[in-house]
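*Asks:* With the input below, show me the fold.
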Amino acid sequence: MTRFSSDHEEDGLMSPLKQMYFLLGLMLSTSEPENPARFGPDEWRRSVELLDSIFNSYAWMYFPSEEELPGLSEQWRKVTRVAMLAFLHHFNTGILASVEQLAGRIRRYISPFDERLKAEIGVSASEALAIADWISTSFQTAADELVEARRARTAMLTSFERSIMAGRNLDEAMREVARSEHRSLSNELPSRPEDFLKVHLDALIGHFGPTTANAYWNSFVSKRGEAADFKYLTERNPAEERPLFQVQDGVAFCPLVNALYSAILTVAEDRLLASEARESFLRQRDKTLEREVEEVLSSLFGELGHFYAGVFETPTLQYEHDLIVRWEDYVFVVEVKSSPPVEPFRDPEKSFSRLKRAFQSDRGLQKAFDQGNRIRRQLRSGEAVHLYNSEREHVTTIEPTELERTRLICVTRDDFGPLAVNLSLLLEKDEEDPYPWAVNILDLHTLVDAWGYFGWGADQLVRYLDLRIDLHGKVFASDELEIAGFFIGHGGLEPLVAAEADLIQLASNYSNVFDDIYWARQGGEEVIYAPTEPFMEDMNQQMLRGDGESESTPEDEAARESGE
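*Replies:* Alright, predicted model coming up:
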């Protein structure tokens with residue numbers, strides 16, 4: 001197996017967000033100790049060891065003992081590999097999105113049901129979002145003030161030192177500082193830095209009124225010792241659903257602003273799916289995703305793109321396709337699926353059966369592929385594909401000569417992780433049919449935004465897709481953005497295609513470039529497109545030399561199990 005990496009990877013927790021909130025969930029379900037002990041660096045290191053051990057234990061249960069190895073079949077290996085990858089992704093990975101993306105999802109998918117949620121929990125999605133935005137802005141303002149505090153105090157000391165060095169006495173130096181602009185700045189410094197990352201109920205009441213503020217507080221604030229018993233990674237985590245942690249009456253600590261938005265999504269969707277509005281919510285979710293996909297792709301293809309949404313292969317409205325995009329000589333068949341991944345079982349056989357059934361259902365990726373691939377098969381047989389809108393009007397025709405320029409894209413609302421990155425795990429297709437590109441809408445947003453940042457257009461997407469479809473079954477990655485990050489970092493995917501390896505594992509830090517672009521857009525350091533040669537190493541040789549990681553992870557073992 002070959003490993004590509006862009007630079008050194010950081011040490012620490014293997015899944016920081018999930019592991020930290022798992023720890024917080026454990027704390028919420030236990031009472032405050034009567035005699036609390038100091039929690040220092042040694043205690044933290046021990047916590048990291050325990051958290052990694054807990055999370056690893058779920059993965060290692062998929063590996064056989066030495067006694068079991070000789071009798072294992074290839075089918076067993078496939079079943080276990082799929083089940084393990086899906087399990088690890090489902091329980092180790094939260095929603096990977098910026099605050100802006102999370103807020104946009106709430107507005108699109110949840111806010112249309114504000115009245116229902118208001119009746120259910122006392123606060124609507126729009127009100128909860130407004131409060132989360134206010135908290136986020138308040139924290140940013142406080143952070144800016146703290147930075148300004150350091151700058152102002154440093155400037156004051158410098159001014160004072162210069163006055164003394166110039167020969168002024170102490171009184172004159174003090175008067176000089178008082179006259180300087182730094183005096184006014186220091187008066188505006190936050191008086192209580194210890195309140196940073198804390199939310200006060202009184203402040204929420206002052207901004208949003210007692211009814212809304214108290215309903216939000218009751219829905220999203222948790223208190224240690226009051227949460228239900230919580231022990232296992234597979235259980236609902238109270239820390240994720242109530243991510244504000246009360247530290248005293250009317251005061252809550254917020255360790256991560258993104259968690260406020262994720263909690264609104266989780267709580268609101270759970271309530272809607274359990275309510276009489278379930279079917280309405282599901283229909284609206286489908287239509288909203290279709291519109292969102294068209295919106296994102298429109299920003300990429302621009303005025304040269306011709307979009308045909310909700311079209312059918314017959315005037316009697318049979319064989320629907322969610323979106324057809326014509327751009328220059330290319331045809332993009334886009335199928336959209338809004339259903340989230342199913343929760344995997346711990347038992348590999350049962351988990352594999354459940355995952356495959358969901359994958360092949362009408363709401364799954366297999367169905368999306370089959371729908372789009374109908375067009376390719378018809379073109380391959382020499383037949384033109386005529387498309388009609390919902391008014392039964394003919395809108396466009398795809399000719400057989402366009403077969404080689406037809407690309408299939410499957411867009412999901414949620415992240416399917418390795419099952420989408422490597423479609424060879426579950427997708428069934430004929431050998432002559434190329435793989436589609438499967439991507440979730442948040443990653444599509446991020447990728448298109450990065451394309452725009454570098455001034456790229458749809459031609460770069462075509463270049464990416466043409467090689468990307470050859471990597472299924474060859475590249476081991478947990479996220480599409482790791483592959484896209486490789487494309488940006490090394491100027492293309494050619495090194496992956498050309499690599500003489502049965503399996504390639506990408507370093508997870510390839511996706512960091514998208515974080516860098518996000519912060520660059522917020523005023524941070526500019527990201528320069530400067531492709532480099534990738535670093536490649538044989539992981540088996542690395543392990544034999546003993547200069548790799550001290551212990552292999554379950555993910556590394558899974559990659560090696562799939563074939564050296």
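*Asks:* Show me the shaky parts of this protein.
*Replies:* Filtered on pLDDT under 70, the chain yields the residue ranges 1-12, 68, 143-195, 539-564.
*Asks:* Pull the contacting residues for residue 65.
*Replies:* Shown in contact with residue 65 (C-beta atoms under 8 Å, 6 or more residues apart in numbering): no residues. Heads up, the C-betas are built off the backbone N, CA and C, glycines and all.
*Asks:* Helix, strand or coil: sort out it for me.
*Replies:* Secondary structure, DSSP: H, G, I helix; E, B strand; the rest coil: residue 65 is coil.
*Asks:* Distance check, it against residue 58.
*Replies:* Remark: distance between residue 65 and residue 58 (C-beta to C-beta, to the nearest Å) = 17 Å.
*Asks:* swap in residue 400?
*Replies:* Distance, residue 400 to residue 58, using C-beta to C-beta: 50 Å.
*Asks:* Ok, residue 439 next?
*Replies:* Residue 439 is 27 Å from residue 58, where distance means C-beta to C-beta.
*Asks:* Now do the spatially closest residue to residue 218 that is not a sequence neighbour against residue 214, distance only.
*Replies:* Excluding the flanking residues, the one nearest residue 218 by C-beta to C-beta, 6 or more residues apart in numbering is residue 122, at 7.1 Å. Using C-beta to C-beta, residue 122 is found at 8 Å from residue 214.
*Asks:* Counting neighbours, go ahead and name the busier of residue 439 and residue 58.
*Replies:* When neighbours are counted by other C-beta atoms under 10 Å, residue 439 and residue 58 differ, and residue 439 comes out ahead with 24 against 18.
*Asks:* Is the more buried one in contact with residue 480, as I believe?
*Replies:* Yes - between residue 439 and residue 480 there is a contact under C-beta atoms under 8 Å: 5.3 Å.
*Asks:* overlap in contacts of the two?
*Replies:* Common contact partners of residue 439 and residue 480 (C-beta under 8 Å, 6+ apart): 420, 447.
*Asks:* and residue 47, what does it touch?
*Replies:* Going by C-beta under 8 Å, 6+ apart, residue 47 touches residue 23.
*Asks:* whoops, residue 28 was the one
*Replies:* Going by C-beta under 8 Å, 6+ apart, residue 28 touches 222, 223, 224, 225, 226, 227, 230, 238, 239, 242, 245.
*Asks:* Secondary structure added to these, as a markdown table?
*Replies:* Listed next are the contacts of residue 28 as a markdown table, based on three-state DSSP:
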| residue | secondary structure |
| --- | --- |
| 222 | strand |
| 223 | coil |
| 224 | coil |
| 225 | coil |
| 226 | coil |
| 227 | coil |
| 230 | coil |
| 238 | helix |
| 239 | helix |
| 242 | coil |
| 245 | strand |
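*Asks:* Which among those residues count as buried?
*Replies:* Neighbour counting over the contacts of residue 28 (16 or more other C-beta atoms under 10 Å) leaves 222, 227, 230, 238, 239, 242, 245 as the buried ones.
*Asks:* Relative to residue 129, which of these is nearest.
*Replies:* Relative to residue 129, the closest of these is residue 242; by C-beta to C-beta it sits at 16.5 Å.
*Asks:* Just say helix, strand or coil for the residue nearest to the spatial centre of the chain.
*Replies:* Geometric centre of the chain, nearest residue: residue 96, 1.7 Å, by C-alpha atoms, centre = their mean. Reducing the assignment at residue 96 to three states with three-state DSSP gives coil.
*Asks:* can you count the residues close to residue 314?
*Replies:* With other C-beta under 10 Å as criterion, residue 314 counts 12.
*Asks:* Residue 41 now?
*Replies:* 7.
*Asks:* same question, residue 268
*Replies:* 27.
*Asks:* So it sits against residue 110, correct?
*Replies:* Yes - the criterion here is C-beta under 8 Å, and residue 268 meets it with residue 110 at 4.6 Å.
*Asks:* between these two, what contacts are shared?
*Replies:* Counting by C-beta under 8 Å, 6+ apart, the common neighbours of residue 268 and residue 110 are 117, 125.
*Asks:* any idea how far the closest residue to residue 219 other than its chain neighbours is from residue 220?
*Replies:* Of all residues beyond its chain neighbours, the one nearest residue 219 is residue 121 (5.1 Å), with distances taken as C-beta to C-beta, 6+ apart. Residue 121 sits 9 Å away from residue 220, taking C-beta to C-beta as the criterion.
*Asks:* if you count what's nearby, which of those two comes out ahead?
*Replies:* Set residue 121 next to residue 220 and count neighbours by other C-beta under 10 Å: residue 220 wins out with 24 against 18.
*Asks:* Can you name the residues that contact that one?
*Replies:* 128, 241, 242, 243, 244, 260, 263, 264, 267.
*Asks:* try 6 Å
*Replies:* Listed by C-beta atoms under 6 Å, 6 or more residues apart in numbering, the contact set of residue 220 reads 242, 244, 263.
*Asks:* roughly how far apart are the second one and residue 259?
*Replies:* Residue 244 sits 9 Å away from residue 259 when distances are taken as C-beta to C-beta.
*Asks:* How about residue 291?
*Replies:* 27 Å.
*Asks:* Neighbour count for those two, which is higher?
*Replies:* The residue with more neighbours, out of residue 291 and residue 259, is residue 259; 25 against 13, by other C-beta under 10 Å.
*Asks:* next SSE after the helix or strand hosting that one?
*Replies:* Element membership for residue 259, per DSSP states H and E: helix 257-273. Next along the chain after helix 257-273, taking DSSP H and E as the criterion, comes helix 278-301.
*Asks:* now the angle from that next one to helix 257-273?
*Replies:* 130 degrees (axes from the mean of the first three to the mean of the last three C-alpha atoms, to 10 degrees).
*Asks:* how about helix 278-301 as CSV, C-alpha atoms only?
*Replies:* Only the C-alpha atoms of helix 278-301 are listed here, as CSV (Å, rounded to 0.1, in the frame of the first residue of the first chain):
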residue,chain,number,x,y,z
ARG,A,278,-42.9,14.3,8.7
GLU,A,279,-44.1,13.7,5.1
SER,A,280,-44.2,17.4,4.4
PHE,A,281,-40.7,17.9,5.7
LEU,A,282,-39.4,15.0,3.6
ARG,A,283,-40.9,16.4,0.4
GLN,A,284,-39.6,19.8,1.1
ARG,A,285,-36.2,18.4,1.9
ASP,A,286,-36.0,16.7,-1.5
LYS,A,287,-37.1,19.9,-3.4
THR,A,288,-34.8,22.2,-1.4
LEU,A,289,-31.8,20.1,-2.2
GLU,A,290,-32.6,20.0,-5.9
ARG,A,291,-32.8,23.8,-5.9
GLU,A,292,-29.6,24.1,-3.8
VAL,A,293,-27.6,21.9,-6.2
GLU,A,294,-28.8,23.9,-9.2
GLU,A,295,-27.8,27.1,-7.4
VAL,A,296,-24.3,25.9,-6.7
LEU,A,297,-23.7,24.5,-10.2
SER,A,298,-25.0,27.7,-11.7
SER,A,299,-22.3,29.7,-9.9
LEU,A,300,-19.7,27.4,-11.5
PHE,A,301,-21.0,27.1,-15.1
